[in-house]
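**Q** The amino acid sequence is not available; the structure is as follows:
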């Protein structure tokens, strides 16, 4: 009996001294940052005409938006964003792939640096965005392919190197002559029921329009017996330009009721001939409870 009791005591003592099995400690935030591999990617690339030079060359601005992604907050950078261009056959369809296969001879347009770009602070936080622009001049009639390359020098080790490139095209096609169109209308409600009307006017063709430009407001749908008002807004609009907001006319309306107007722009006098008067008007409505509203009218 004594031996059995002694052996039991020894066994219990041995079990008590054995270490408990526990999970390894969770990595610290600093360790997570070190372990996470970021991913730089091009979110979007756009090419927009910003003007036409006297020699007919289109002034084009390429805008690249780049983000840094990771499962935990990290910082990407420094790195560079490269813009390149390639002229292709103008008859090429917009959907045709011309640059992802093979290695065409792109020409360097420019390169911009990004010193630092965070991946954001979690799902609820906005992810920072690096935006870089590059300006180019494209001959009239040309179709130009642009290629944006993020981290062009390979400065950042990334989890995915396949999303660093994005392409965009620009067709340097414009119409001869003048085409005045009403592009936007802003309505601002007055406390007495009337509406202040502002307009944006664009000449989508290449020739300047020298004439009396007038904007008009038809009020008959807004108030019983309403007629209309008009106001001059200028005497010249250069080619491929949008101007606004213009005008300060207060159109009639009824307090507490919706107000609908037909707003237009007209070319009067001078040598300018408007090629397409059909895009000069816009029918817009501001509701009783709205303080203001802006409409996009003609593309």
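**A** Happy to help now that I have it. Keep in mind the model is a prediction, meaning the values are calculated, not measured.

**Q** Contacts only, for residue 238.
**A** Residue 238 makes contact with 203, 208, according to CB atoms under 8 Å, 6 or more residues apart in numbering. Yep, even glycine has a C-beta here, placed from its N, CA and C like the rest.

**Q** switch to 10 Å and redo it
**A** Residues near residue 238 by CB atoms under 10 Å, 6 or more residues apart in numbering: 51-52, 178, 203, 206-210.

**Q** ditto for residue 237
**A** So residue 237 contacts 178, 180, 201-203, 208-211, 213, 243, 265, 267, 272 (CB under 10 Å, 6+ apart).

**Q** What count of nearby residues applies to residue 294?
**A** Neighbour count for residue 294, taken as other CB atoms under 10 Å: 13.

**Q** Am I right that it is in a helix?
**A** No. Read with DSSP: H, G, I helix; E, B strand; the rest coil, residue 294 is strand and lies in no helix.

**Q** Rebuild the contacts of residue 237 as CSV, extending it with distance to residue 288, neighbour count and pLDDT.
**A** Below are the contacts of residue 237 laid out as CSV (distance: CB to CB, whole Å; neighbours: other CB atoms under 10 Å; pLDDT from 0 to 100):
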residue, distance to residue 288, neighbour count, pLDDT
178, 39, 24, 91
180, 32, 25, 94
201, 28, 24, 95
202, 31, 20, 91
203, 35, 24, 90
208, 41, 15, 90
209, 37, 26, 94
210, 42, 16, 94
211, 38, 21, 93
213, 32, 25, 96
243, 31, 16, 93
265, 27, 28, 97
267, 34, 19, 95
272, 39, 22, 93
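
**Q** Sort out which one of these lies nearest residue 225 for me.
**A** Nearest to residue 225 among these is residue 265, at 24.7 Å by CB to CB.

**Q** measure the closest one to residue 272 for me?
**A** 12 Å (CB to CB, to the nearest Å).
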